[in-house]
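# pasting the structure only:
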Ligand SMILES: Nc1ncnc2c1ncn2[C@@H]1O[C@H](COP(=O)(O)OP(=O)(O)OP(=O)(O)O)[C@@H](O)[C@H]1O
């Protein structure tokens, strides 16, 4: 593989065209400004802004139909935006066709040629560009070594596993030495175990090459585990763009909190009590250690509590145990707080859960609760 950060730098176009767009990130990268797309009379991507720094891996995460793939296709040039611009390493590529953009895409179904060997599949984009034979061979062999497929040079796609086919598709993208690598649901055709291994491989290769990468996924686990930053999309817009830990700890909307990780959404009233806080849930006053809500006194606060922040045992208000669900290394306990209130789920250490029986009453408090007003972090 001849792609190195230096080679990529050498290929970079001078950022002379970005003056009117404002400054690009100092080290290049991908910038989307006001990218908009209407399809079938519906706004699918809504004036979207996104900056991916050079060498960064970003996931576009969101439910089906939120516009992730449409956004990716506009970056690759398969779809023209109705408005807005796409800039790569300082060069405005909005009006360039896909083959003239410094991007390469890995498609969800891999799109391998069944009648060609692994070698020829990977060599295909270089043949189209009439790359001299010795260079072609050297680059294809290097990239196949990078993805660990040298032993399958001559195999046809049908003769190798799904995970290996995925790596051929990745190799075919990488051999083009793109400045931006685009992957559309790259792991969705693999079984759960393989998915974890392949996503770690992709992350490792991406970091080794320092290649700017955008991955489309609806799998929050995948997004949190491989990304430098995650853009959570909803209805054609980005609701939050943040590092995985921040996204999980401080979701800015109830939508993000519900989509990234499990959460309890509780309606109640937060009140100061004895230097701390309590949350009144259906008449039960649950102690809350940490909350973002400084102002108090409204009935319509929505409070979000992660199941691991629901503490069972010790000090707290009594809650009725409705269900106990073993989840392996921890146990999920479904609790009823107060009358008429919704059930709350807690994650409890599997050993501690042995003492929790259905129908019994246990003390409950919240370690951390985030308050939202009209769906937005207060
Ligand atoms: N050519 C088209 N004409 C009309 N509507 C379209 C067209 N292409 C896509 N759409 C619609 O745009 C919406 C967003 O599609 P997109 O593929 O970007 O979503 P997504 O977030 O990637 O979802 P998924 O994970 O299901 O692929 C969908 O409702 C889809 O039906």
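Arrived safely. Just so it is clear, the structure is predicted and the values come from calculations on it, not from any experiment.
# In space, what's closest to residue 367 - neighbours in sequence excluded?
residue 309 (4.2 Å; C-beta to C-beta, 6 or more residues apart in numbering). Yep, even glycine has a C-beta here, placed from its N, CA and C like the rest.
# Looking at the lengthiest helix in the chain now, give me its mean pLDDT.
Secondary structure assigned by DSSP state H gives helix 192-209 as the longest helix of the chain. For helix 192-209, the per-residue pLDDT values average out at 89.
# buried stuff in whichever helix or strand residue 169 is part of?
With elements taken from DSSP states H and E, the one containing residue 169 is helix 162-174. Residues of helix 162-174 classed as buried by neighbour count (16 or more other C-beta atoms under 10 Å): 163-174.
# Turn those residues into TSV, including pLDDT.
TSV is the format used below for the buried residues of helix 162-174 (pLDDT from 0 to 100):
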residue	pLDDT
163	86
164	89
165	90
166	88
167	90
168	93
169	92
170	91
171	92
172	92
173	92
174	91
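# Can you name the residues of the stretch 151-300 of the chain that neighbour the ligand?
Proximity of the stretch 151-300 of the chain to the ligand (C-beta under 6 Å from any ligand atom) is limited to residues 216, 218.
# what ranges do the helices span in the stretch 151-300 of the chain?
Assigned helices in the stretch 151-300 of the chain, in chain order: 162-174, 192-209, 220-226, 244-249, 254-259 (criterion: DSSP state H, counting those that start in this stretch).
# Highest mean neighbour count out of those?
Among the helices of the stretch 151-300 of the chain, ranked by average contacts under mean count of other C-beta atoms under 10 Å, first place goes to helix 162-174 (a mean of 23).
# ok and that one relative to helix 192-209, angle-wise?
20 degrees (axes from the mean of the first three to the mean of the last three C-alpha atoms, to 10 degrees).
# Mind giving me the packing neighbours of helix 162-174?
strand 103-106, helix 118-128, helix 133-146, strand 180-184, helix 192-209 (3 or more C-beta pairs under 8 Å, 6 or more residues apart in numbering; DSSP states H and E).
# contacting residues around residue 256?
By C-beta atoms under 8 Å, 6 or more residues apart in numbering, residue 256 lies in contact with 232, 239-240, 247.
# switch to 6 Å and redo it
232, 239-240 (C-beta atoms under 6 Å, 6 or more residues apart in numbering).
# who wins for neighbours among these?
Sorting the contacts of residue 256 by how many neighbours each has (other C-beta atoms under 10 Å) puts residue 232 first, at 27 neighbours.
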